[in-house]
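1. pasting the structure only:
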């Protein structure tokens, strides 16, 4: 079998909110050490891991949580990446300029240097998820889809709400991504009926497995866990293979380090069986460039 790249072991750090950024850095350090001991060469934090999930309300005071890139968190995570000799994906509330803030991911290399920054493209605005108040969408045009090589695997950087959009997954795959990363902060309202809670979690899991299948790639989603205000973050972090198979999955109610092996040889195998890229009808997709077609 043709194989041009090699496997990478990925570690997802599912944890609760911490009271301070410094406490979050320490917690990630402990969990990353465990992931490294279990073979991980790429470690991923949940979305906005240094703070509570502040977009539950619209409060200008929360802009004080933002920091530049490079800044304190990238410096702390860079030291950790150097110490453990890993790649590390850290989700950060970025202050780009006065009045311009992003929900961003910084990818750090084993030398501690920033390799890429991705700014979340799809910004939600729902009850208790008022992200449009805080975050400016990424604005780098086609270059916003940031694909970076990690050892023998190419990584597509995405964030949370991006995970519901097949266009984002497909464009990353077309740029060569073999693993899509989705740092996440997704929860249900504790007042919702249990059946609706389970439906939401199942939909979240299914749509991302569908991205893995439709594009023949690995997908890794890492969620936070625990209660914050009226929200319960449901954990359930997982890594899916290019055939949609779930390789590893975390519990819904506790902190956990999740590790799985991602081998590009499996991508080659799946795409030979399901040649979706071969059979795409490029001549028929113009309607995707419109908000709505009737």
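-> Received it, and whenever you're ready, just let me know what you need. Everything quoted here is computed from the prediction, not taken from an experiment.
2. Next SSE downstream of the lengthiest strand in the chain?
-> Determined from DSSP state E, the single longest strand within the chain is strand 87-97. Where DSSP states H and E defines the elements, the next helix or strand beyond strand 87-97 is strand 100-108.
3. Strand partners (parallel or antiparallel) of that following strand?
-> According to DSSP bridges, strand 100-108 forms sheet pairs with strand 87-97 (antiparallel), strand 114-119 (antiparallel).
4. most tightly surrounded among those strands?
-> Highest mean neighbour count of those: strand 87-97, a mean of 23 (counted as mean count of other Cβ atoms under 10 Å). In this view, the C-beta of every residue, glycine as well, is placed from N, C-alpha and C.
5. for the stretch 101-250 of the chain, what spans make up the strands?
-> Using DSSP state E, counting those that start in this stretch, the strands of the stretch 101-250 of the chain run over residues 114-119, 125-126, 129-130, 147-150, 153-157, 179-184, 187-189, 218-223, 225-228, 231-234, 238-240, 246-249.
6. Of all those strands, which one is nearest residue 23?
-> Across the strands of the stretch 101-250 of the chain, residue 23 has its closest neighbour in strand 225-228 (14.0 Å, Cβ to Cβ).
7. Would you tell me which of the strands paired with strand 100-108 gets closest to residue 187?
-> Closest among the strands paired with strand 100-108, once you apply Cβ to Cβ, is strand 87-97, at 15.6 Å.
8. Now do the closest one against strand 179-184, angle only.
-> Strand 87-97 and strand 179-184 meet at an angle of 60 degrees, taking axes from the mean of the first three to the mean of the last three Cα atoms, to 10 degrees as the criterion.
9. chain center to strand 87-97, what's the gap?
-> 12 Å (Cα atoms, centre = their mean, to the nearest Å).
10. now the helices for the stretch 151-294 of the chain?
-> 166-174, 194-215, 264-273 (DSSP state H, counting those that start in this stretch).
11. Can you tell me which of those is most buried?
-> helix 166-174 (a mean of 19).
12. looking at it, residue 35 is touching residue 14, isn't it?
-> No: counting by Cβ atoms under 8 Å, residue 35 does not reach residue 14; the two are 11.0 Å apart.
13. Retrieve the pLDDT associated with residue 1.
-> pLDDT, residue 1: 40.
14. Next: residue 4.
-> Confidence at residue 4, expressed as pLDDT, is 48.
15. Ok, residue 146 next?
-> Looking at residue 146, its pLDDT reads 79.
16. re the thing from before, TSV please, covering the strands of the stretch 101-250 of the chain and showing distance to residue 10.
-> Output for the strands of the stretch 101-250 of the chain, formatted as TSV (distance: least, Cβ to Cβ, whole Å):
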stretch	distance to residue 10
strand 114-119	16
strand 125-126	29
strand 129-130	27
strand 147-150	9
strand 153-157	9
strand 179-184	7
strand 187-189	23
strand 218-223	6
strand 225-228	18
strand 231-234	21
strand 238-240	6
strand 246-249	9
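17. ok, and the helix or strand in the protein with the lowest average confidence?
-> Counting by mean pLDDT, DSSP states H and E, the chain has its least confident helix or strand at strand 147-150, which shows a mean of 90.
18. Run through the neighbouring helices and strands of that one.
-> strand 153-157 (3 or more Cβ pairs under 8 Å, 6 or more residues apart in numbering; DSSP states H and E).
19. Please consider this matter closed, and thank you.
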